[in-house]
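**Student:** Predicted model follows, preceded by the sequence.
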Amino acid sequence: MNKLKYIFLLAALFIISCSANEKEIGLNEEIQHDDFFYSVPGYFTMDSIFDGSVVFKPKGNFYVVKFKVDNRAKKVDHLWNNSIAYIIDENGNTYENSVEHQKTLNRIEPFRFKEQHETKPYESEVTYFVFEVPESVKKPYLMVRGETLMGDFFDGSQFRKTKVKLF
């Protein structure tokens with residue numbers, strides 16, 4: 001009988017984790033991923049990035065997104081990198097962070113660029129992402145990716161279904 005209860009519990013957790021609805025939030029609102037919280041304190045668009053004698057022009061606009069990570073875990077570091085976030089548009093197209101443009105922006109306006117981030121317990125970290133988004137996109141949203149952790153089972157891995165409005 002204990003096996004049956006265990007199977008039922010696993011099935012219930014699986015159903016809950018798959019059933020979370022898509023959620024839309026705004027600036028400064030948080031996306032919870034277990035004990036880690038992500039937010040977008042702000043963003044702006046640029047039609048070019050000028051680095052000395054080189055001008056980078058996007059096919060549309062650069063979306064420069066300020067991204068904040070709060071680690072509220074008691075003992076665990078949060079390891080993440082610059083591919084944690086991406087932009088999705090109203091048609092489901094995705095746009096990835098450009099690490100090269102991110103490095104260029106860091107040379108112009110330093111923000112302590114890192115390839116890998118290790119946010120310690122009870123600490124926060126901020127970086128800037130740079131996305132090249134076509135002019136035709138009217139409703140860009142920032143989303144995050146990551147592995148399902150223990151705390152994500154109870155909210156249906158909501159972090160994967162939460163979109164931050166960038167318009």
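**Tutor:** Looks like it arrived, so ask away.

**Student:** So Leu105 sits against Val130, correct?
**Tutor:** Yes: the criterion here is Cβ atoms under 8 Å, and Leu105 meets it with Val130 at 5.7 Å. Every residue, glycine included, has its C-beta placed from N, CA and C.

**Student:** Need the residues touching each of those two.
**Tutor:** 49, 64 (Cβ atoms under 8 Å, 6 or more residues apart in numbering).

**Student:** Give the other helices and strands that the helix or strand containing Thr127 contacts.
**Tutor:** Thr127 is part of strand 124-133 when elements are defined by DSSP states H and E. Packing partners of strand 124-133 (3 or more Cβ pairs under 8 Å, 6 or more residues apart in numbering; DSSP states H and E): strand 61-71, strand 85-88, strand 94-96, helix 99-108, strand 116-119.

**Student:** can we see that at 10 Å?
**Tutor:** strand 36-46, strand 61-71, strand 78-81, strand 85-88, strand 94-96, helix 99-108, strand 116-119 (3 or more Cβ pairs under 10 Å, 6 or more residues apart in numbering; DSSP states H and E).

**Student:** right, and the ones you listed - which one's nearest Glu135?
**Tutor:** strand 61-71 (6.6 Å; Cβ to Cβ).

**Student:** distance between the ends of stretch 53-68?
**Tutor:** 31 Å (Cα to Cα, to the nearest Å).

**Student:** before we move on, the earlier item: and the helices and strands packed on strand 124-133 as JSON lines, adding mean pLDDT, mean neighbour count and distance to Lys163?
**Tutor:** Shown next, in JSON lines, are these (pLDDT from 0 to 100; neighbours: other Cβ atoms under 10 Å; distance: least, Cβ to Cβ, whole Å):
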{"stretch": "strand 36-46", "mean pLDDT": "98", "mean neighbour count": "18", "distance to Lys163": "11"}
{"stretch": "strand 61-71", "mean pLDDT": "98", "mean neighbour count": "20", "distance to Lys163": "13"}
{"stretch": "strand 78-81", "mean pLDDT": "97", "mean neighbour count": "17", "distance to Lys163": "19"}
{"stretch": "strand 85-88", "mean pLDDT": "98", "mean neighbour count": "19", "distance to Lys163": "7"}
{"stretch": "strand 94-96", "mean pLDDT": "98", "mean neighbour count": "14", "distance to Lys163": "12"}
{"stretch": "helix 99-108", "mean pLDDT": "96", "mean neighbour count": "16", "distance to Lys163": "21"}
{"stretch": "strand 116-119", "mean pLDDT": "98", "mean neighbour count": "14", "distance to Lys163": "22"}
